[in-house]
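Asker: The sequence isn't on hand, but the structure is:
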């Protein structure tokens, strides 16, 4: 974070209080951030400096620091504006300096904010402000007789009323207090617009709706505002049953009919409107913050999904009329074969497609089949199952993977550069295959917003969403580490201290000079200076290089610590690495010094015990039930296996293989109360669910994770009654095509002579 505004003690103190840490920790972190250090670097390699602030705390600190610096800058602008008007006194300045939020600052500034000439301003220019002051100061005065001294009494009273209405509606203390009262007592209501019932069916839950502000979950707020934006709903903020006008009157000590009418007008025409706008903004802000958090958390889980590893993989990008796009990548992700097959309607070349896939798998020793989860996914999954059944000796495993963002990648400039000469339609199949091998390495090539694991993401502020998602990608990439000899430019770009230009330089140097043999040799890359090396070195991995430590997360600056360990234990590197018996007998404090404290030495011990360990979970797959291909195949009580595709505030979406994800509502996740669905599941989890309800017309599937609920026995009976393949017993697939037919199919496909 580039330094823009000096950090005051009050800022450090405020952030420290919010985080529940010491002010010195915050100050140290801010100093590191301002010097150009990244959050992953600080969290991993500067624990002694910050007293072990973790990456989550540092991200929060970074966001709050940005907000408070912006507030400091805004405070300065406001002070200068009021000072230039000659209206800044000590009391007002103290009030501005004490403001603890941007909203409070704007409340105070409103009466002094330059604005177009208002009715109140015109009245002041006409000399009616003394009348307004007099009537407010002494409610016993007769308004009409008092106004006679100012010319036309009616005109003078109108002017005085305009001045008081503006004064009432711009009183910062009053408005702030009323805002909190309305927040605690108000409701958000909605009604369907006339004639919009059919067009807005997806918003039917909100055709007649009311809920207190304080109980509205983020997804509901976003849905309501989306319905309003699409002109389906009329959304209104109701203040609730509170004596708001009496509060205004009490604040200004008003009484009498004329002042009471003035207060009533101020409330109805100005204050209520302003509070409505403020609370609408607050609701949106809270919903947006939560939506960004959910998106970021889901993205983290998707990026850190279990990698299948370096295994030859067949990628299938499903389709009907245009065919299924096929790509084979080797263990390193290199494309070795592509094809297009037409197993589905209208071509129905099922046997020919099986033959082609079998040939490709045998030729390139394929182990895994990755199937995109888009249109025709379920049918293509059946094709892969038939392939496995007919050719058991190939030892294939099929997995349905999310293809979110694959089309964006296919049309990107980087895809054109990475896969030159390959048709755009085939690039998606390549991406699907690679993301099974290593989700993180492949998904970093795609704009995070295009991966599609958020809720109402297109309604969110672009800058806020991008900043949050970029931080997630950076944390994930650096948390896993990057093989500098195989990483792509997009992957290297996300490494701490390396931007796009440096990433391109690293790859260019690697292509020109061969693989890096050591971390030290990375310093030879043009424009990679000492600061960049300090930031990135610990996150770059060099397996099978000159120094075994270069394949670990031990930073080169800490190699002397490892040398002391070797000397103390009388072992060599080869003997020490992975030797738990030796390492667990050592005490970190015996090897710490002024530069490397116990936290860093403890991390070094962990790395030496399991060097280069991958923090991601072990790879596992889900098996979709045969015979359950469409939503109409579902019945309440059916128990199925599926994959969690997305987690929102209200529940989790699960792909059960019928083209439409089902929803496990938060209330159906456990026998106990669940506040956050992420306590139970996360994207990528393989789960067993039971169908509760199916609405075919609205394409809604209700699921539960509580398998012991009602219908369990019926569901098991249905599953078991379908036979091994999930079809009615006695119904079998055609026998495998004879070798001659397969040979003919291969010849027609151009795969054999």
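Answerer: Good, I have the coordinates. If you're wondering where the values come from, they're calculated on a predicted model, not measured in any experiment. Numbers count the residues shown, from 1 in each chain.
Asker: What sits closest to residue 502 if chain neighbours are left out?
Answerer: residue 528 (5.8 Å; Cβ to Cβ, 6 or more residues apart in numbering). Bear in mind the C-beta positions are built from the backbone N, C-alpha and C, glycine included.
Asker: doesn't residue 503 make contact with that neighbour?
Answerer: No. Using Cβ atoms under 8 Å as the test, residue 528 is too far from residue 503 to be in contact (10.2 Å).
Asker: In this structure, which residue is most central in space?
Answerer: residue 296 (1.9 Å; Cα atoms, centre = their mean).
Asker: Give me the helices and strands touching the helix or strand that contains that one, please.
Answerer: Using DSSP states H and E, residue 296 maps to helix 272-303. Packing partners of helix 272-303 (3 or more Cβ pairs under 8 Å, 6 or more residues apart in numbering; DSSP states H and E): helix 172-185, helix 218-229, strand 233-238, helix 439-443, helix 462-480, strand 639-648.
Asker: closest to residue 412 out of those?
Answerer: Ranking those by their distance to residue 412 (criterion: Cβ to Cβ) puts helix 439-443 first, at 12.4 Å.
Asker: Contacts for the closest one, please.
Answerer: 302-305, 307, 333, 405, 431, 434-435, 451, 476-477, 480, 487-488, 491, 616 (Cβ atoms under 8 Å, 6 or more residues apart in numbering).
Asker: Need the pLDDT of the residue nearest to residue 196 when sequence neighbours are not counted.
Answerer: Using Cβ to Cβ, 6+ apart and skipping residues adjacent in sequence, the residue nearest residue 196 is residue 232, 4.9 Å away. pLDDT, residue 232: 96.
Asker: Next one: residue 232 from residue 224, what distance?
Answerer: Using Cβ to Cβ, to the nearest Å, residue 232 is found at 10 Å from residue 224.
Asker: Repeat that for residue 517.
Answerer: 59 Å.
Asker: can you check residue 262 too?
Answerer: Taking Cβ to Cβ, one finds residue 262 at 34 Å from residue 224.
Asker: Of these two, which one has the most company?
Answerer: The residue with more neighbours, out of residue 262 and residue 224, is residue 262; 28 against 23, by other Cβ atoms under 10 Å.
Asker: State the number of residues packed around the nearest residue in space to residue 404 that is not next to it in sequence.
Answerer: Counting by Cβ to Cβ, 6+ apart, residue 452 is the residue found nearest to residue 404 once chain neighbours are left out, at 4.2 Å. Applying other Cβ under 10 Å, we find 19 residues neighbouring residue 452.
Asker: The residue nearest to residue 502 is in what secondary structure piece?
Answerer: Assigned by DSSP H and E, residue 528 belongs to neither a helix nor a strand.
Asker: Enumerate every residue touching residue 188.
Answerer: 209-213, 216, 221, 224, 235-238, 283.
Asker: dump the residue contacts of residue 225.
Answerer: Residues near residue 225 by Cβ under 8 Å, 6+ apart: 235, 284, 287, 459.
Asker: What separation is there between it and residue 285?
Answerer: Distance, residue 225 to residue 285, by Cβ to Cβ: 12 Å.
Asker: Now do the same for residue 417: helix, strand or coil?
Answerer: Put simply, residue 417 is helix when judged by DSSP: H, G, I helix; E, B strand; the rest coil.
Asker: Make 26 the starting number, not 1.
Answerer: Sure thing, new numbering starts at 26, so read that last one as residue 442.
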